[in-house]
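> Requesting a structural model of the entry that follows:
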Amino acid sequence: MSLRNRELLNLLVVGVLTGIGFASVYIARQAEVSTASLSYALFFLALYLAAHVVARYAVPYADPYLLPLAALLTAIGLTMIYRLDPTNAFRQGLWIVIGVAVFAATLLGLRHDYRAIERYKYLLGVAAVALLFLPGLPVFGQTVNGARLWVHVGPLEFQPGELAKILLICFLAGYLREKREVLAQGSAKAIGPLLVVWGAAMLVLVVSNDLGSALLYFGIFLAMLYVATARLTYVIAGVALFLIGSAGAYKVVGHVRERVAIWLNPWKTEHTTGYQLVQSTYSIGNGHFGGTGLGKGTFETTAGHPLIPSLNTDFIYSALAQELGLIGCAAVVLLYMLFCLRGFRAALLAEDGFSKLLAVGLTFGFALQTFIIVGGILRVIPLTGITLPFVSYGGSSIVANFILLALLLLVSNRAQEPK
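Okay, here's the model as predicted:
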């Protein structure tokens, strides 16, 4: 069976699972199956079949599992959002349409040679920094739950950090490929970029009041630096610098200090913002091993008020944990692991340095973002406002992840095409 036919078969399976999921939610809520609920599944399947057609034309030799895995994660998120609020599910569906359109445009625009973006690495780097500091502007920036990550322009709200992450990875892939020999020598001059990126990460932490975003950007840089130079010394020095900077931010930034205090003990009465994490913990515990079942979880009080604020964005993993249980959530985490496995496989197969670094950066960023939000909800690390890739409600996250998926497919296609 060809690679694209294998991809098509997997997408059909995802379509069936999506239909079962929507039907289960509707039966649990309405005690009947509605064509309105199944229309979401049919629409979803048609959308990804269109993405498959574009992939079949633009990247015929790409990995056949990346697109189905992304489709299944998106289906899980859309099903849970539909279960929580059908109106938000409709909006999320529109964002998925936009995401697939951007995915197709990326594949078609870069199908001949995506490595051309390396020539614009410095421009991409400047754009990434500008996007990171955009929420700090007094006119456009918006503070949500204490963190300044959003930009509000008229009716449009988005997180510029999601797109900045992709641009930053493209810049680092080009820069590190060019400077890898100098960096590998470990000269004092080579330490400069490490200090510059560390300083930028600390500035992001101070401007956005968000430890998770700083950890994400700096973690991506350290991972790509290690792959480019194979020097563990840089990683150890980078971790030490980040811990020192975070300790300083803990003393200066009140929001970071509050997040750490909530992480250590969210049940303290003086932590008014710890309510979300406490209710999230109860929700996860209520799921036990097998879960309550799709559509049967408890997320509202008897008066109709939400038990967990921001449930479909920051805390959607808590909803999944309650209705799917430990077994279901372990399966969701396994899907993320499989996606990362295929991404790193594309990096191993790539022959040129830019492609290897690009695939590693994209995949590691995807994995680290998943760990930061899931780890925050499970109280492994302090909670942040980062979204769960492909699952959480939010347009900027969906679009950025579809661009990430397209770039991974382009790298995989070039690595596996007949020479």
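> Can you tell me the SS state at the nearest residue to P160 once chain neighbours are set aside?
Counting by CB to CB, 6 or more residues apart in numbering, P160 lies nearest to L131, which is 4.0 Å off, once chain neighbours are set aside. C-beta coordinates here come from the backbone N, C-alpha and C atoms, glycine included. On the three-state scheme (DSSP: H, G, I helix; E, B strand; the rest coil), L131 is labelled helix.
> how about L131, what does it touch?
Contacts for L131 (CB atoms under 8 Å, 6 or more residues apart in numbering) come out as P160, G161, L163, A164, L167.
> Take those and write them to JSON lines, including pLDDT, neighbour count and secondary structure.
Shown next, in JSON lines, are the contacts of L131 (pLDDT from 0 to 100; neighbours: other CB atoms under 10 Å; DSSP: H, G, I helix; E, B strand; the rest coil):
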{"residue": "P160", "pLDDT": "80", "neighbour count": "23", "secondary structure": "helix"}
{"residue": "G161", "pLDDT": "79", "neighbour count": "28", "secondary structure": "helix"}
{"residue": "L163", "pLDDT": "88", "neighbour count": "19", "secondary structure": "helix"}
{"residue": "A164", "pLDDT": "86", "neighbour count": "23", "secondary structure": "helix"}
{"residue": "L167", "pLDDT": "91", "neighbour count": "25", "secondary structure": "helix"}
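> between these, which is closest to I284?
I284 lies nearest to G161 out of those, by CB to CB, at 26.5 Å.
> so the closest one sits right up against S213, yeah?
Yes - taking contacts as CB atoms under 8 Å, G161 lies within contact range of S213: 5.7 Å.
> For the residue nearest to P160, give its distance to I20.
Noted for L131: a distance of 39 Å to I20, by CB to CB, to the nearest Å.
> again with I169
Distance from I169 to I20, by CB to CB: 36 Å.
> Tell me where the model's unsure across the chain.
Scanning the chain with the threshold set as pLDDT under 70 gives 30-37, 136-150, 152-156, 186-195, 197-199, 201-202, 204-210, 269-273, 302, 304.
> related to what we said a few turns ago, show me which of I169 and I20 is the more surrounded one.
A side-by-side neighbour count of I169 and I20, using other CB atoms under 10 Å, places I169 first with 27 against 13.
> and which of the contacts of L131 is nearest V13?
L163 (31.2 Å).
> can you tell me which residues contact the closest residue to the closest one other than its chain neighbours?
Spatial nearest neighbour of L163, excluding adjacent residues (CB to CB, 6+ apart): A400 at 5.3 Å. Residues near A400 by CB under 8 Å, 6+ apart: E162, L163, K165, I166.
> Closest to N286 out of those?
After measuring the contacts of A400 against N286 - CB to CB - the closest member comes out as E162, at 30.9 Å.
> S396 is in contact with that closest one, correct?
Yes - if you go by CB under 8 Å, E162 and S396 touch, sitting 4.5 Å apart.
> if you count what's nearby, which of those two comes out ahead?
The neighbour comparison of E162 against S396 (other CB under 10 Å) goes to E162, with 24 against 20.
> Apart from its chain neighbours, what residue comes closest to the more buried one?
A400 (3.8 Å).
> and the one you found, how far is that from P160?
Counting by CB to CB, the gap from A400 to P160 is 10 Å.
> What segments of the chain are helices?
Under the criterion DSSP state H, the chain contains helices at 3-30, 35-58, 66-84, 86-110, 121-133, 160-184, 191-208, 211-229, 232-252, 254-264, 275-287, 316-349, 353-377, 395-416.
> Include distance to P389 when you put those helices into JSON lines, please.
Below are these laid out as JSON lines (distance: least, CB to CB, whole Å):
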{"stretch": "helix 3-30", "distance to P389": "16"}
{"stretch": "helix 35-58", "distance to P389": "17"}
{"stretch": "helix 66-84", "distance to P389": "7"}
{"stretch": "helix 86-110", "distance to P389": "12"}
{"stretch": "helix 121-133", "distance to P389": "18"}
{"stretch": "helix 160-184", "distance to P389": "10"}
{"stretch": "helix 191-208", "distance to P389": "19"}
{"stretch": "helix 211-229", "distance to P389": "11"}
{"stretch": "helix 232-252", "distance to P389": "22"}
{"stretch": "helix 254-264", "distance to P389": "21"}
{"stretch": "helix 275-287", "distance to P389": "19"}
{"stretch": "helix 316-349", "distance to P389": "8"}
{"stretch": "helix 353-377", "distance to P389": "6"}
{"stretch": "helix 395-416", "distance to P389": "5"}
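> of all those, which lies closest to G297?
helix 316-349 (4.3 Å).
> same for the closest one, what does it pack against?
Contact here means 3 or more CB pairs under 8 Å, 6 or more residues apart in numbering; DSSP states H and E; on that basis helix 316-349 packs against helix 66-84, helix 275-287, helix 353-377, helix 395-416.
> For L326, find the nearest of the ones you listed.
helix 275-287 (6.9 Å).
> orientation of the closest one relative to helix 254-264 in degrees?
30 degrees (axes from the mean of the first three to the mean of the last three CA atoms, to 10 degrees).
> Just the buried positions in helix 275-287, please.
For helix 275-287, burial by neighbour count (16 or more other CB atoms under 10 Å) applies to Q276, L277, Q279, S280, T281, S283, I284, N286, G287.
> got the angle between it and helix 316-349?
Using the same axes, to 10 degrees: helix 275-287 against helix 316-349 is 80 degrees.
> how far out from the middle of the chain is helix 275-287?
Mean C-alpha position of helix 275-287 versus that of the full chain (CA atoms, centre = their mean, to the nearest Å) differs by 22 Å.
> tell me which strands and helices that helix is in contact with?
Using 3+ CB pairs under 8 Å, 6+ apart, helix 275-287 is in contact with helix 316-349, helix 353-377.
> tell me what the last one is packed against?
Meaning helix 353-377. Applying 3+ CB pairs under 8 Å, 6+ apart, we find helix 353-377 packed against helix 160-184, helix 211-229, helix 275-287, helix 316-349, helix 395-416.
> if we can go back for a sec, please determine how far the residue nearest to E162 is located from V14.
In terms of CB to CB, A400 sits 21 Å off from V14.
> Kindly report the same for L404.
19 Å.
> Quick check on D63: phi, psi?
Dihedral angles of D63 (phi, psi; degrees, to the nearest 10) stand at phi -60, psi 130.
> Give me the neighbour count for it.
Counted with other CB under 10 Å, D63 comes out at 24.
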